[in-house]
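# here's my sequence, what's the structure:
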Amino acid sequence: MKTAAIVPVKGLGLAKSRLGGIFTAEERALLVLDMLAHVLGVLRDSGAVDEVAVVSPSPEELPLPEGVHALKQRRSGLNAALEQGRRWAVSRDADAVLVAFADLPALTARDISRIAKLGRAKGTVVLAPDRHGTGTNLMLAHPAQMARFAFGPGSFAAHNRLAEEAGAHVRVYRAYGTGLDIDTLDDLEFLDSHRVAEAMEYAFSA
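Got it, this is the predicted structure:
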């Protein structure tokens, strides 16, 4: 199964506006670039993704690793950007398309390989909800033509419905690494608390 991953990224000037009361615009841009580098590294290390493209209105401002395709977003809106990415994946003869957001700092290569394994059968859509169970942080559609995008409030339920209407077998993947996306101070505090808990567990087991 050839899998192409699509990673959408807003222009850095608009990045993480809900953190505007905490960080400067420059700090928010650096946060986005750091998380993007992490997600791209995870996709590479998973061994489950054959090609990766970043879709952005300003791809020229993103320091992308060698081998990652930069797609200039042609139409406004997240779902339109993802549809552009899906069409790119189909043009690359991908059997499956994986959507992964760039703000998943705890995402692991194991998460990606497990999602790919769940979606190995043709006619499958794999959804990874956010930690609240309402949004969607990752989606894999096999075949790529089966992907339907409804990102926004309540997207997890919407994606379930659209996949079922398309005749897909829906699989759900839940994990800490796929559930935590960074949009608010609460998300950052949740990430920090998890890292502290991990450090304490390591200290007591050492």
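
# any weak-confidence spans in this protein?
Regions of the chain meeting the criterion pLDDT under 70 cover residues 14, 16-17, 20, 192-206.

# tell me what the residue nearest to the spatial centre of it is bridged to.
Centroid check for the chain by CA atoms, centre = their mean gives A100 as the closest residue, at 1.8 Å. Following DSSP bridges, A100 is listed with bridge partners L138.

# who's in contact with it?
Neighbour list for A100: 5-7, 39, 43, 107, 112, 137-138 [criterion: CB atoms under 8 Å, 6 or more residues apart in numbering]. To be clear about C-beta, it is placed using only N, CA and C from the backbone, and glycine gets the same treatment.

# again, only this time at 6 Å
Counting by CB atoms under 6 Å, 6 or more residues apart in numbering, A100 makes contact with 5, 7, 39, 138.

# now for these, which sits with the most neighbours around it?
A5 (30 neighbours; other CB atoms under 10 Å).

# in a markdown table: the contacts of A100, plus secondary structure.
Formatted as a markdown table, the contacts of A100 follow (DSSP: H, G, I helix; E, B strand; the rest coil):
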| residue | secondary structure |
| --- | --- |
| A5 | strand |
| V7 | strand |
| V39 | helix |
| L138 | strand |
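
# of all these, which comes closest to V54?
Closest approach between those and V54, by CB to CB: V7, at 4.9 Å.

# any idea how far the residue nearest to the centre of the chain is from E26?
Using CB to CB, to the nearest Å, one obtains 25 Å as the distance from A100 to E26.

# and what of H132?
For H132 relative to E26 (CB to CB), the value is 29 Å.

# same question for D50.
Distance, D50 to E26, by CB to CB: 35 Å.

# more neighbours, those two?
Comparing D50 with E26 by other CB under 10 Å, the one with more neighbours is D50, at 16 against 9.

# pretty sure that one contacts K2?
Yes - between D50 and K2 there is a contact under CB atoms under 6 Å: 5.0 Å.
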